[in-house]
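Enquirer: Next input, structure requested:
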Amino acid sequence: MKQSMASRGEQPLVSIFMSVRNGADSIRRAIESVRAQTYPNIEFVVQDGASTDGTLDILRSFGSAIALVSEPDNGPNQGFWRALNRCKGEFIGSCLADEELLPDAVERAVELLRKHPTTGAITGDALITDETGATTGFWKSGPFNLIDYLLCDYCPYFVSSFFRRQALLDVGLVSDVWRPDCVEFELWCRLATRSTIEYVPTTFAKYASHLEQSTNNTRDVVFHFTGRLRYIISMCSEDGFLGAAPLLRTLFIWNHARTFINHAVAVGRHETAKALYRITTDTLSEFEPVRLGEILYDENYLSRVSARNARNKLLQRIPEIFSFALGQERMKRLADNAEQALFAARYDETARGASPLKALLWARPSQPLPLPPPLDMSVKANLYAQLASRYEAGNQPLQALALWQAIARLAGLPGSPFDLGDKRIGYTHLANVK
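Expert: Here you go, the predicted model:
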């Protein structure tokens, strides 16, 4: 590593870890990005899953610059977990085989973490690349909050994040049993319940997005997705951090399903999408149905809301004299029958040109994988407020304040000190970034 700052003895040890299996095409670029860091005191921990494509030869060629262990594992999660647990540094970061750290990433991360000693982790922005390392876009991150993360509306890039090892120990890194199928997800959830996670608008790394990565592999995705749902269930159980919360559990699961399924479809993995859908419906079938407001929240939620709105409009438009003549009981029965018919016709009031009459005459074809729509801002604000109150009750004022700030952003308060300008949190700009 470059030694432009100070001697090793004056700087805290930073662990950068990598878990890899068969990454020969890109791993040299990743290794060189770690070796090129301007920060002097780095241990580079690599966990190889018994690669067979020449990766191991490349790793061994760097000699003592890499703390290498090679052994079979059962997939990316186990390799990730083994590598993380081998880290001994005061601060911890990562760089996978198709990623790169910018040259001063570690130096800047150490400076920030030392300046804010109560912060458990920092997360920033990233350049997006293809499998060759060519830049294809930019990932704009944003303030972390647990609700957005559990809704799968936002996810920090791990390569652009750095952790205080003590914060990880405090949430059970060594002492607790963790789920083997969603280690990264569990890590963020645990940290968010006990520590502070700070967003810094700084680009730390390059994140690779391509069809061959693990997030597009059916086996890995199904394994990881199942683990996420099970961890969500545990968090929303009587003994979990959020307590017995059936509505939250259902919202989190369906929103996870929408994100993962839409991604699978977008990259042409239709069988993966079907598998994820089956896992979602099978998982939710274990519990009693729940309602969001007055409406059953399930895959048909949008049609249920549209039918209910049409029912209410129908009642408003019927002249009072007819209502009086028919009587309240018959009017209610008429409205209920109309609502049921519109629901059966899969009426969607958000569709262009949609009308209740057309929906009844020409029923829309059934969707193969129907999903509830994204939550509106008022629902999200309510969820933020619930979690903020829980943080306050647990004497975690900083985490609570971050959520009240998020509510202010959602509300678009004029002149709000919490305004970030672009209110989108966690988005990708696909462009030719120089």
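
Enquirer: residues touching the closest residue to G89 other than its chain neighbours, list them.
Expert: Closest residue in space to G89, ignoring its immediate chain neighbours: S15 at 3.4 Å, by CB to CB, 6 or more residues apart in numbering. Any C-beta I mention is one placed from the backbone N, CA and C, and that applies to glycine too. Counting by CB atoms under 8 Å, 6 or more residues apart in numbering, S15 touches I42, E43, V45, C87, K88, G89, F91, I92, G93, R165.

Enquirer: Please list all residues in contact with the fifth one.
Expert: In this structure, K88 makes contact with L13, S15, E43, R165, judged by CB under 8 Å, 6+ apart.

Enquirer: quick one: what helix or strand has the third one in it?
Expert: Under the criterion DSSP states H and E, the helix or strand holding E43 is strand 42-48.

Enquirer: helices or strands next to that strand in the packing?
Expert: Here strand 42-48 touches strand 14-20, helix 27-35, helix 55-60, strand 67-70, helix 76-86, going by 3 or more CB pairs under 8 Å, 6 or more residues apart in numbering; DSSP states H and E.

Enquirer: Setting aside sequence neighbours, what's the nearest residue to P356?
Expert: A310 (4.5 Å).

Enquirer: which regions of the protein sit below the pLDDT cut-off?
Expert: 1-9, 213, 215, 321-323, 326, 352-353, 363-366, 413-434 (pLDDT under 70).

Enquirer: can you pull the contacts of R21?
Expert: Neighbours of R21 in contact, by CB under 8 Å, 6+ apart: D48, G49, A50, S51, T55, D73, P76, G79.

Enquirer: Got a ChimeraX select line for the buried ones in these?
Expert: Selecting only the buried entries of those in ChimeraX, with 16 or more other CB atoms under 10 Å as the criterion:
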select :48,49,51,55,73,76,79
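
Enquirer: Relative to R219, which of the contacts of R21 is nearest.
Expert: P76 (10.2 Å; CB to CB).

Enquirer: Next one: R291 relative to P370, how far apart?
Expert: 18 Å (CB to CB, to the nearest Å).

Enquirer: circling back: check which helix or strand the residue nearest to P356 maps to.
Expert: helix 301-317.

Enquirer: That helix packs against which elements?
Expert: strand 295-296, helix 328-344.

Enquirer: where does the shortest one sit relative to the chain's centre, distance-wise?
Expert: It refers to strand 295-296. 25 Å (CA atoms, centre = their mean, to the nearest Å).

Enquirer: what do you get for the longest one?
Expert: Relative to the chain's own centre, helix 328-344 is displaced by 40 Å; criterion: CA atoms, centre = their mean.

Enquirer: Export that helix to PDB, keeping only CA atoms.
Expert: Only the C-alpha atoms of helix 328-344 are listed here, as PDB (Å, rounded to 0.1, in the frame of the first residue of the first chain):
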ATOM      1  CA  GLN A 328     -80.000   2.200   3.100                       C
ATOM      2  CA  GLU A 329     -79.800  -1.600   3.200                       C
ATOM      3  CA  ARG A 330     -80.500  -2.100  -0.500                       C
ATOM      4  CA  MET A 331     -78.200   0.800  -1.500                       C
ATOM      5  CA  LYS A 332     -75.400  -0.800   0.500                       C
ATOM      6  CA  ARG A 333     -76.000  -4.200  -1.100                       C
ATOM      7  CA  LEU A 334     -76.000  -2.600  -4.600                       C
ATOM      8  CA  ALA A 335     -72.700  -0.800  -3.900                       C
ATOM      9  CA  ASP A 336     -71.100  -3.900  -2.400                       C
ATOM     10  CA  ASN A 337     -72.100  -6.000  -5.500                       C
ATOM     11  CA  ALA A 338     -70.600  -3.300  -7.800                       C
ATOM     12  CA  GLU A 339     -67.400  -3.300  -5.800                       C
ATOM     13  CA  GLN A 340     -67.100  -7.100  -5.900                       C
ATOM     14  CA  ALA A 341     -67.800  -7.100  -9.700                       C
ATOM     15  CA  LEU A 342     -65.100  -4.500 -10.300                       C
ATOM     16  CA  PHE A 343     -62.700  -6.400  -8.200                       C
ATOM     17  CA  ALA A 344     -63.400  -9.600 -10.100                       C
END
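
Enquirer: Show me what that helix is packed against.
Expert: Using 3+ CB pairs under 8 Å, 6+ apart: helix 328-344 touches helix 301-317, helix 356-361.

Enquirer: So which bits of that helix are buried?
Expert: M331, L334, A335, A338, E339, A341, L342, F343.

Enquirer: Out of those residues, which is nearest to V159?
Expert: F343 (45.3 Å).

Enquirer: ok, that closest one - contacts?
Expert: So F343 contacts N300, S303, R304, A307 (CB under 8 Å, 6+ apart).

Enquirer: wait, isn't L102 in contact with S160?
Expert: No: if you go by CB atoms under 8 Å, L102 and S160 don't touch, sitting 9.4 Å apart.

Enquirer: what helix or strand is R179 on?
Expert: Applying DSSP H and E, one finds R179 in no helix or strand.

Enquirer: Can you give me the separation between the nearest residue to it once chain neighbours are set aside and T283?
Expert: Spatial nearest neighbour of R179, chain neighbours left out: G227 (5.1 Å); criterion: CB to CB, 6+ apart. Distance from G227 to T283, counting by CB to CB: 12 Å.

Enquirer: Same question for F44.
Expert: 39 Å.

Enquirer: Compute the distance between S141 and P156, please.
Expert: Relative to P156, and taking CB to CB, S141 is found at 6 Å.

Enquirer: Likewise for A341?
Expert: Where P156 is concerned, A341 sits at a distance of 46 Å (CB to CB).

Enquirer: Test my guess that G142 contacts V200.
Expert: No: counting by CB under 8 Å, G142 stays clear of V200, with 10.8 Å between them.
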